[in-house]
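Visitor: Predicted model and sequence follow; I will ask about them next.
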Amino acid sequence: MEKVNAVITGVGGYIPDYVLTNDEISKMVDTTNEWIMERIGIRERHILNEEGLGTSYMARKAVKQLLSRTQSNPDEIDLVIVATTTPDYRFPSTASIICEKLKLKYSFAFDMQAVCSGFLYALETGANFIRSGRYKKVIVVGADKMSSIIDYTDRSTCLFSRTVRQPFYWNRLLKK
């Protein structure tokens, strides 16, 4: 039997324009840029602050870029997996929203949640769908809108937050 392997064949991404700096946070809570940099090392956070936009918006922008860069036909995408802790809704899945908005009409889709390690689980899950031999093109997305769940006036948590901006990968079938 021929061995099937999964490889990353394209990358896309999206980062919101608005940048929340440590200096801005120091006006909301008792801290300084120097204190944050010494202990945490985070200088700025990209925040999606437009009203009514969520994780699916950022993920959709990245997947659209990925499809363009790889000159992929949306009809050939078999599966979309989204790793997120901040889905737009409990139902439908963020992955389903992406499929609907980008007209990935032959893809099935689901979300995974495992906080920081979620993207790695999703990547391995996508690779296993490829290795099964039944799927050829899988999009794995890691996206979070942490600003939707962070209280920037709470010093105990806001200093450690940042928008998760993991790359978006597309795996495809390779025969060895």
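Guide: Cool, got the structure. Residues are numbered from 1 along each chain as shown.

Visitor: so where's the protein uncertain?
Guide: In the predicted model of the chain, residues 1, 159-176 satisfy pLDDT under 70.

Visitor: Please, where are all the strands along it?
Guide: 4-12, 18-21, 44-47, 79-83, 108-112, 137-142, 168-175 (DSSP state E).

Visitor: could the ones you listed be laid out in TSV, adding distance to A95 and mean neighbour count?
Guide: (Glycine included, C-beta is placed from N, CA and C.) Compiled in TSV, the strands of the chain are given as follows (distance: least, CB to CB, whole Å; neighbours: other CB atoms under 10 Å):
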stretch	distance to A95	mean neighbour count
strand 4-12	15	16
strand 18-21	25	15
strand 44-47	22	18
strand 79-83	4	27
strand 108-112	3	19
strand 137-142	7	27
strand 168-175	12	19
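
Visitor: now the ones you listed as TSV including distance to S72?
Guide: Output for the strands of the chain, formatted as TSV (distance: least, CB to CB, whole Å):
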stretch	distance to S72
strand 4-12	8
strand 18-21	30
strand 44-47	26
strand 79-83	12
strand 108-112	16
strand 137-142	7
strand 168-175	7
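
Visitor: for these, which one sits closest to G126?
Guide: Proximity to G126, assessed across these by CB to CB, is greatest for strand 137-142 (4.3 Å).

Visitor: Counting by contacts, list what the closest one packs against.
Guide: Strand 137-142 sits against helix 55-69, strand 79-83, helix 118-131, strand 168-175, with contacts defined as 3 or more CB pairs under 8 Å, 6 or more residues apart in numbering; DSSP states H and E.

Visitor: Which of the ones you listed sits closest to G10?
Guide: Nearest to G10 among the helices and strands packed on strand 137-142 is strand 168-175; the distance by CB to CB comes to 4.5 Å.

Visitor: closest to N33 out of the strands of the chain?
Guide: When the strands of the chain are compared for distance to N33 using CB to CB, the nearest one is strand 18-21, at 7.6 Å.

Visitor: Run the chain-centre distance for the closest one.
Guide: In terms of CA atoms, centre = their mean, to the nearest Å, the centre of strand 18-21 is set 19 Å apart from its chain centre.

Visitor: hey, C-alpha coordinates of stretch 35-52 in PDB?
Guide: Taking only C-alpha atoms (Å, rounded to 0.1, in the frame of the first residue of the first chain), the coordinates of stretch 35-52 have been written out as PDB:
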ATOM      1  CA  TRP A  35       7.000  46.500  34.100                       C
ATOM      2  CA  ILE A  36       5.200  44.500  31.400                       C
ATOM      3  CA  MET A  37       8.300  44.200  29.100                       C
ATOM      4  CA  GLU A  38      10.500  43.000  32.000                       C
ATOM      5  CA  ARG A  39       8.000  40.300  33.200                       C
ATOM      6  CA  ILE A  40       6.000  39.400  30.100                       C
ATOM      7  CA  GLY A  41       7.800  40.700  27.000                       C
ATOM      8  CA  ILE A  42       4.600  41.700  25.200                       C
ATOM      9  CA  ARG A  43       4.900  45.200  23.700                       C
ATOM     10  CA  GLU A  44       1.600  45.500  21.800                       C
ATOM     11  CA  ARG A  45      -1.600  43.600  21.000                       C
ATOM     12  CA  HIS A  46      -3.500  43.700  17.600                       C
ATOM     13  CA  ILE A  47      -7.100  44.000  18.500                       C
ATOM     14  CA  LEU A  48     -10.200  43.600  16.200                       C
ATOM     15  CA  ASN A  49     -12.300  46.400  17.600                       C
ATOM     16  CA  GLU A  50     -14.800  46.900  14.800                       C
ATOM     17  CA  GLU A  51     -18.400  46.400  16.000                       C
ATOM     18  CA  GLY A  52     -20.000  43.200  15.000                       C
END
